[in-house]
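Participant: Predicted model and sequence follow; I will ask about them next.
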Number of protein chains: 4
Amino acid sequence: MKQRKLRMGIIGGGITGFIGAIHIRSAIMENMIDLVCGCFSSKPEVSIESGRRWYLPDNRIYSSYHEMFEKEMQLPEGERMDFVAIVTPNHLHFEPAMMALERGMHVVLDKPMTFSLEEAKLLKVKVEETGLVLALTHVYSGYPAVKEMKSRIANGDIGKLRRVYVEYPQGWLSERIELQSGNNAGWRTNRAYSGKAGSMGDIGTHAWHLCEYVTGLKVTELCAELNSFVPGREIDDDGTAMMRMENGVKALLSASQIAIGEANSFNIRVYGEKGGFRWKQMNPNELYVLTSDKEQIQHIGNNTNLGQMASWNTRTPAGHPEGFLEAFANIYRNFAHTVTTKMNGEEPTAEMLDFPNVLDGVRGMQFIETVVKSGWSDNEKWTSWVD
Amino acid sequence: MKQRKLRMGIIGGGITGFIGAIHIRSAIMENMIDLVCGCFSSKPEVSIESGRRWYLPDNRIYSSYHEMFEKEMQLPEGERMDFVAIVTPNHLHFEPAMMALERGMHVVLDKPMTFSLEEAKLLKVKVEETGLVLALTHVYSGYPAVKEMKSRIANGDIGKLRRVYVEYPQGWLSERIELQSGNNAGWRTNRAYSGKAGSMGDIGTHAWHLCEYVTGLKVTELCAELNSFVPGREIDDDGTAMMRMENGVKALLSASQIAIGEANSFNIRVYGEKGGFRWKQMNPNELYVLTSDKEQIQHIGNNTNLGQMASWNTRTPAGHPEGFLEAFANIYRNFAHTVTTKMNGEEPTAEMLDFPNVLDGVRGMQFIETVVKSGWSDNEKWTSWVD
Amino acid sequence: MKQRKLRMGIIGGGITGFIGAIHIRSAIMENMIDLVCGCFSSKPEVSIESGRRWYLPDNRIYSSYHEMFEKEMQLPEGERMDFVAIVTPNHLHFEPAMMALERGMHVVLDKPMTFSLEEAKLLKVKVEETGLVLALTHVYSGYPAVKEMKSRIANGDIGKLRRVYVEYPQGWLSERIELQSGNNAGWRTNRAYSGKAGSMGDIGTHAWHLCEYVTGLKVTELCAELNSFVPGREIDDDGTAMMRMENGVKALLSASQIAIGEANSFNIRVYGEKGGFRWKQMNPNELYVLTSDKEQIQHIGNNTNLGQMASWNTRTPAGHPEGFLEAFANIYRNFAHTVTTKMNGEEPTAEMLDFPNVLDGVRGMQFIETVVKSGWSDNEKWTSWVD
Amino acid sequence: MKQRKLRMGIIGGGITGFIGAIHIRSAIMENMIDLVCGCFSSKPEVSIESGRRWYLPDNRIYSSYHEMFEKEMQLPEGERMDFVAIVTPNHLHFEPAMMALERGMHVVLDKPMTFSLEEAKLLKVKVEETGLVLALTHVYSGYPAVKEMKSRIANGDIGKLRRVYVEYPQGWLSERIELQSGNNAGWRTNRAYSGKAGSMGDIGTHAWHLCEYVTGLKVTELCAELNSFVPGREIDDDGTAMMRMENGVKALLSASQIAIGEANSFNIRVYGEKGGFRWKQMNPNELYVLTSDKEQIQHIGNNTNLGQMASWNTRTPAGHPEGFLEAFANIYRNFAHTVTTKMNGEEPTAEMLDFPNVLDGVRGMQFIETVVKSGWSDNEKWTSWVD
């Protein structure tokens, strides 16, 4: 049975923002996916211009996703999109995702998965019912250095885990730029579009996810403090959480969007009984490997001594830096392998299945519930994970 | 007049190496180019397997480029490849490039452009005769930080230039691994495939090119010493050159493939009367901007204060690292814009034309001639640029 | 009135450890202080050998500090020690410090100041009664980069403060090395010698102190979790605290001695409305200065544009690194200036008085009380500062 | 036989500069040396003020070194200075050094050792005649990381050496600041005080020395280019040299004082058949250890796995940075050990003798002769070492 290229549609991601182009480049880079249609914006002229920039024919460019689903379903099976990538603000994740699943289409979703935990649970049920594939773009788990860290931890290289520090400082919301137009701050700082959390939903979920992904352990309770430093802002723009994980592991999470001067300085450090790791997203091809008497830089590259999971997600020799787009592309590629393998009636391998899915999405929404519950209350010290 | 996606063929780049996949991903990432055919290897089974990995139909997979050119020319104009990417060893650059140009096809070539300076000059004549476009993948000039440096220098930000240091240390040829199979060292260390120079052709040309690209000045004479440190190696695996450039600028170039433990630590530093720059390829999104009393890190991203040339070649916000593939993709994208603009009878803009071309290719071969002439002789101190 | 060199005695610091040599070198480096006597150990042979290593005459080398005080007091005023440096474990700080103060001698004390908060308060009373000078070696506040940060914050350079991160990871207690002899872990992990806190007393107090020193603000309440990761250890070897400071500033503190592979990676980051700072102790001569659109490296050196407080504490031009000993020496030097200025009946300047004193010592012990109270209890979320 | 503290006099180093304070602090830090007299300046009021800053009695403060030698010789042997540190401009090294040696005093000299090679050779003869000790402050060889590198190379850790890169970029002479007063540029850029070389004498000699010190090999010939970039400057402010060393090792040296924005970015990289090292002076406590498949950071500290030579010169545990003053102090301390051991009629150990001496001084002047001869001539490619 032969694999074929998958056909992708996109909702959101018009040329007035940058995230659409990120998704598309990442999706098509491996030549496993063709972009065939898109609803880039509800403004027809923006959607048309966006679609033409990607060489789509005008009849596959839509300005309503309802129309897109309707028209695509009228196309022969060999032409219509196989899956849809949804890159809209949080409040517009659930409906199009459900519409896709109900029509037999697979889904790629930006994080956090939904606006509310309830929506997330409904999506999960639908995914399980349909057997379709849903990928969530917790992009940072797509870096090969992160996968190498995860593998070595699972392999016992650093012994029993003890302590994790995960930090996500950004500075772009240090002023109330949401009052201006032409930036991405508007919906992110608006409870009606973003949901209960601001920074914790936007970047805190990445930090939480990396923490669970790398350690293979779940958070069981946490003690958080959230802040809205910028006057007038209605949801958090900063927060910290002490987290208790399974097996007695302790994690300290911080996320801030008022750490002025920081671009995207996401980083994680993990310490076990026998060794540790440090990794920084802004220099992602260096994994620092620590033991009691050594600090070693493991360069990432397909000519180095990486494990299977990292190698599978690596494209260049050491010293030829891979970046954010390749991490993103790893999610799309593994998603595509999983979809096509399933289409062929075969079982995807562990490498193929290595992308964030609907279960991560549900836990992400639970993280938001938990951290918001704890973070704005001074009553209880520890808040149990909200199921 | 409407642009269309370009159709790309490839010669070389089979799945036994990694360079083909680099070219293809970089080419298709912007959705401006489709891979339509390839002669990945002279071994039919390798070529077929390679082509299928990229979802090519078997009838567009060849194992001889003569056959490829013949068969493609028999296809309707709207189907045949528009351009060919040649990613073979140096001794196999000239013939397929000439065949392409003679058939009206544009060309993307790996550096150094040819086996000999004579071939380079013939190619230049042919390109000028045909008006076709030839791009040379001096990939490092594709990084936005490099373009920003070039623009600021041209803009006079650091005043009159004085001194350049450019270094390209690698360690992968520290042992005589060319005696083993299964690596890329074989042809690179063999005069019959690589040409007169080893390390100076493979990486020294990148260093020389960056030096001229960034400064906008030409080397006029140089004083070099080449070495073959690994016993039995017939061409240089290391070398240094003091270079005199136009306007009294002095540059110091070093390139080594026996700098054991170095992955691909290409870097450049430029100093003028009023300021300077430092840039390292392995952490390519940070440009260090120096003045007499300040050291500043300019992060690269499309939300930062970059000039037009760098912005045009940037895909992500600061803190979301772009890498080697994106630098490569910038060459393909600018090449594609130039080709399609010309197809439409229009003039490409300066941004579109910002990729290494056949003139860079000729100068690169002249650099090899000059550095080899100087580097192995103890007679003259300074050797004039070989035209 | 003319200044003279001060005469220093030392208690503790024998050649079997390293801390004595650190104190002595730091004290004498400016030629303002002579070491004249010492009780380096209660073992006479160790004390003698240690004293001779510093060229002390045998009659000024003691093996009991009671004897030292007695004998020194019998010496003419122009010969006896002016001050004593106490570098013993925590439980042996209070008695010799009180004995010194009661005899009119000034004191330099290692941190934390005492074994208990009660002792600290008694010391404070005695210092105030006597008018003598007590310096506490929170050495990290002695670095010029730290002082520059403090000055610029006080000067409003980064606007109203919002958020501080301060981290102190070490790995040397990852195993239960206190069961072996010949290291400094024994008393530090023993409640009978160290006091209520382990890592929080040893390094957490440094982190807390830097946080208050740099911001000029006090912690008002905190929420902590302490851990003893290494089985059998009776006091904390790791901990984190969310801290609320005056003016609504939030700080996140972590300290760990089980962060395996970390040497002494103390670092602080401060963010305000208009800018921020980053500083790392292991590369102490670079201060990162952040604004919304710039990241600048301020090199430390007496030829750079430093403020008065940093300049006063800088010895070399930029690029000639100063280190731990010079930071330590700044405390001794400022202490010495203060003492001699007071001896002359004059008022010390603000620069002279810039060293941690008995008030910092009391607050340090209060920090330990507060963090221990919060850190081992799951009841209350926020614990008010223990006065 | 018992050691005693040595008595030091100083010539030069008044409070208008910074170098005197560097020497004094470094000398006295180990409590092995007392400053007893000084001729800090030929201006009496400057000399007096400088001496008082170091608590010297007025009768041991001189404003002529002739007077200083005369008066000190009239003092009893147990009071007069044992050695003199000479920290004047180059043209004032030879005479006081000879005067000291003729009077039985040991000498510490700033580099380069003398104004001319002839003077250097005369000093060497005098040192050999008298059996006195002369130390030359090539301070960078005093860093423990450098000593560790040297030991491991000697030990064969990286196999047969192949290639060295040594760079010394500074930017402080980017403008013609020698026309202003109040800086150290005046004599350094004046042939009458500095000698034949500018940057090559001031910092190029440090680079050359480190190259020979670390490798244990001598330069045999070189090919250099010197430049005076700043208009009106009469000696070099920039230069590069390709150097051939014993055993076929190739070294590339660059030194510049017009590398604007660089503070003191001295660094060295050494590559052998089996491994390599990188070290940067501005972050001196990290030694990068390279092998074909690993990059490791060796932290420097007396709790780490350092060899004997580095350990002997280390004062703090890893993570507690030592700096420039401690490197300087290592030269003084080893010099002092050597002097006192010889005074006691014993043989100094290899550790004690590990400081630059008169032979290094002669070779340093030969380096200047050779690099100046080659650097300003376009005739010969290679210039043999000038003996």
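Facilitator: That came through, no problem.
Participant: and the spatially most central residue of chain A, what does it touch?
Facilitator: Nearest to the geometric centre of chain A sits residue A:138, at 1.7 Å (CA atoms, centre = their mean). By CB atoms under 8 Å, 6 or more residues apart in numbering or on different chains, the contact set of residue A:138 is A:111, A:205, A:206, A:209, A:210, A:213, A:331, A:356, A:360, A:364. (Each C-beta comes from the backbone N, C-alpha and C, glycine too.)
Participant: Name the residues that touch the one helix or strand the third one maps to?
Facilitator: Think residue A:206. Assigned by DSSP states H and E, residue A:206 belongs to helix A:205-215. Helix A:205-215 has contacts (CB under 8 Å, 6+ apart) with A:111-112, A:138-141, A:146, A:149-150, A:153, A:161, A:164, A:166-168, A:218-219, A:243, A:245, A:249, A:251, A:253-255, A:266, A:268, A:270, A:356, A:360, A:363-364, A:367-368, A:371.
Participant: Over to stretch A:69-88?
Facilitator: Contacts for stretch A:69-88 (CB under 8 Å, 6+ apart): A:6-13, A:19-20, A:23, A:27, A:36-37, A:62, A:92-93, A:96-97, A:99-100, A:103, A:105-110, A:133, A:335, A:339.
Participant: Could you pull out the buried residues of that stretch?
Facilitator: A:69, A:72, A:80, A:81, A:82, A:83, A:84, A:85, A:86, A:87, A:88 (16 or more other CB atoms under 10 Å in any protein chain shown).
Participant: cool, and stretch A:206-225?
Facilitator: Of all the residues in stretch A:206-225, those buried under the rule 16+ other CB under 10 Å are A:206-215, A:217, A:219, A:221-225.
Participant: my read is residue A:46 is in a helix, agree?
Facilitator: Yes: Residue A:46 forms part of a helix when assessed by DSSP: H, G, I helix; E, B strand; the rest coil.
Participant: if I look at residue A:153, how far off is residue A:302?
Facilitator: Here residue A:153 is placed at a distance of 21 Å from residue A:302 (CB to CB, to the nearest Å).
Participant: Next, work out how far apart the closest residue to residue A:58 other than its chain neighbours and residue B:254 are.
Facilitator: Using CB to CB, 6 or more residues apart in numbering or on different chains and skipping the chain neighbours, the partner closest in space to residue A:58 is residue A:48 (6.6 Å). Taking CB to CB as the measure, residue A:48 falls 52 Å from residue B:254.
Participant: With neighbour numbers in mind, choose between those two.
Facilitator: Neighbour count, other CB atoms under 10 Å in any protein chain shown: between residue A:48 and residue B:254, residue B:254 has more, with 23 against 18.
Participant: Inside helices: which ones of the contacts of stretch A:69-88?
Facilitator: A:19, A:20, A:23, A:27, A:96, A:97, A:99, A:100, A:335, A:339 (DSSP state H).
Participant: Quick one, which of these are buried?
Facilitator: Buried, going by 16+ other CB under 10 Å: A:19, A:20, A:23, A:27, A:96, A:97, A:99, A:100, A:335, A:339, out of the ones in helices among the contacts of stretch A:69-88.
Participant: Tell me which residues touch the fourth one, please.
Facilitator: With CB under 8 Å, 6+ apart as the criterion, the residues that contact residue A:27 are A:8, A:33, A:35, A:85, A:108, A:329, A:332.
Participant: now the last one
Facilitator: Shown in contact with residue A:339 (CB under 8 Å, 6+ apart): A:6, A:82, A:83, A:106, A:133.
Participant: so how many other residues sit close to the first one?
Facilitator: Same thing as residue A:6. For residue A:6, using other CB under 10 Å, the count is 21.
Participant: Farthest-apart pair in the contacts of residue A:27, please.
Facilitator: With distances taken as CB to CB, the most widely separated pair in these is A:35 and A:329, at 13.7 Å.
Participant: out of the two, which sits in the busier spot?
Facilitator: The residue with more neighbours, out of residue A:35 and residue A:329, is residue A:329; 29 against 22, by other CB under 10 Å.
Participant: Confirm for me that that one is in contact with residue A:29.
Facilitator: Yes: the criterion here is CB atoms under 8 Å, and residue A:329 meets it with residue A:29 at 4.7 Å.
Participant: Could you check how far the closest residue to residue A:375 other than its chain neighbours is from residue A:238?
Facilitator: Once flanking residues are discounted, residue A:375 sits nearest to residue A:226: 3.3 Å by CB to CB, 6+ apart. Distance, residue A:226 to residue A:238, by CB to CB: 7 Å.
Participant: if you count what's nearby, which of those two comes out ahead?
Facilitator: Taking neighbours as other CB under 10 Å, residue A:226 and residue A:238 compare with residue A:238 leading, 28 against 23.
Participant: Tell me the backbone dihedrals of residue A:378, please.
Facilitator: Backbone torsions for residue A:378, taken as degrees, to the nearest 10, come to phi -100, psi 10.
Participant: show me the contacts for it.
Facilitator: C:381, C:382 are the contacts of residue A:378 under CB under 8 Å, 6+ apart.
Participant: Contact residues of the stretch 201-350 of chain A facing chain D?
Facilitator: Proximity of the stretch 201-350 of chain A to chain D, by CB under 8 Å from any CB of the partner chain, involves residues A:293, A:294, A:295, A:296, A:297, A:299, A:304, A:305.
Participant: Quick check, pLDDT for the fifth one.
Facilitator: Among the per-residue scores, residue A:297 holds a pLDDT of 97.
Participant: Could you give the residue of the stretch 101-250 of chain A that lies closest to chain D?
Facilitator: The nearest approach of the stretch 101-250 of chain A to chain D comes at residue A:145, 14.1 Å away (CB to the nearest CB).
Participant: give the contact list for that residue.
Facilitator: A:279, A:284, A:285, A:286, A:287, A:298, A:300, A:310.
Participant: Inside strands: which ones of those residues?
Facilitator: A:279, A:286, A:287, A:298 (DSSP state E).
Participant: out of these, which are buried?
Facilitator: Here, 16+ other CB under 10 Å leaves A:279, A:286, A:287, A:298 buried among the ones in strands among the contacts of residue A:145.
Participant: show me what contacts the third one?
Facilitator: The contact partners of residue A:287, taken as CB under 8 Å, 6+ apart, are A:145, A:148, A:149, A:277, A:278, A:279, A:297, A:298, A:300.
Participant: For it, give the beta-bridge partners.
Facilitator: Note on residue A:287: beta-bridge partners by DSSP bridges are residue A:279, residue A:298.
Participant: Enumerate every residue touching the residue of chain A most remote from its centre.
Facilitator: Among the C-alpha atoms of chain A, the one most distant from their mean position (CA atoms, centre = their mean) is that of residue A:293, at 35.2 Å. Contacts were defined as CB under 8 Å, 6+ apart; by that measure residue A:293 touches D:304, D:305.
Participant: Could you rerun that using 6 Å?
Facilitator: Taking CB atoms under 6 Å, 6 or more residues apart in numbering or on different chains as the contact definition, residue A:293 lies against nothing.
Participant: One more: residue A:274?
Facilitator: Contacts of residue A:274 (CB under 6 Å, 6+ apart): A:158, A:159.
Participant: change it to 8 Å
Facilitator: A:157, A:158, A:159, A:291, A:292, C:260.
Participant: how close does it sit to chain B?
Facilitator: Using CB to the nearest CB, to the nearest Å, one gets 25 Å for the distance from residue A:274 to chain B.
Participant: Now for the closest residue to residue A:148 other than its chain neighbours, how many residues are close by?
Facilitator: Closest residue in space to residue A:148, ignoring its immediate chain neighbours: residue A:310 at 3.9 Å, by CB to CB, 6+ apart. With neighbours defined by other CB under 10 Å, the count for residue A:310 comes to 25.
Participant: Over to residue A:57?
Facilitator: 10.
Participant: and what of residue A:169?
Facilitator: Residues near residue A:169, counting by other CB under 10 Å: 27.
Participant: isn't residue A:238 right up against residue A:224?
Facilitator: No: Residue A:238 is not in contact with residue A:224 according to CB under 8 Å; the separation is 11.1 Å.
Participant: Do you know the pLDDT at residue A:310?
Facilitator: pLDDT, residue A:310: 97.
Participant: Surely it and residue A:142 touch.
Facilitator: No: with contact defined as CB under 8 Å, residue A:310 does not count as touching residue A:142 (11.0 Å).
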